[in-house]
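Student: structure, please.
(one chain, ligands or ions: 1)
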Amino acid sequence: MPDPPSSHSDANLAAHQHRQRWLATAVTLSQDRNAHVACPSCDEGILSVSEIVHRGQVVELALRCPTCGSGEFVRGRFGASQGTSEG
Ligand SMILES: [Zn+2]
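Tutor: Now for the predicted structure:
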């Protein structure tokens, strides 16, 4: 039985593009935590963002859409914490 033809899956491509949109969103929010950015998944909800801070530097942003419940954790170097409540 021959193998099925291997081609790039549309699902994989869509997932990749989806991820890229979240990454772009994270970049925007890294520059302004208070920016109102529409959810890449539903285009309706305004994302909330939480900082994951390590030694005063933001190492990860937790994005969450209150409307559709989508969320992503985006790792990177986002600079010093902009949070108002230091813990
Ligand atoms: Zn959403």
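
Student: what does the residue nearest the centre of the chain show for phi and psi?
Tutor: Here the mean C-alpha position of the chain is nearest to the C-alpha of W22 (CA atoms, centre = their mean), at a distance of 3.8 Å. Dihedral pair for W22: phi -70, psi -40, per degrees, to the nearest 10.

Student: check contacts around it.
Tutor: 40, 63, 72, 74 (CB atoms under 8 Å, 6 or more residues apart in numbering). In this view, the C-beta of every residue, glycine as well, is placed from N, C-alpha and C.

Student: could you list which of those residues belong to strands?
Tutor: Among the contacts of W22, DSSP state E puts 63, 72, 74 in strands.

Student: just those now: which is nearest the ion?
Tutor: Nearest to the ion among the ones in strands among the contacts of W22 is L63, at 10.0 Å by CB to the ion.

Student: okay, and the beta partners of that closest one?
Tutor: V49, E72 (DSSP bridges).
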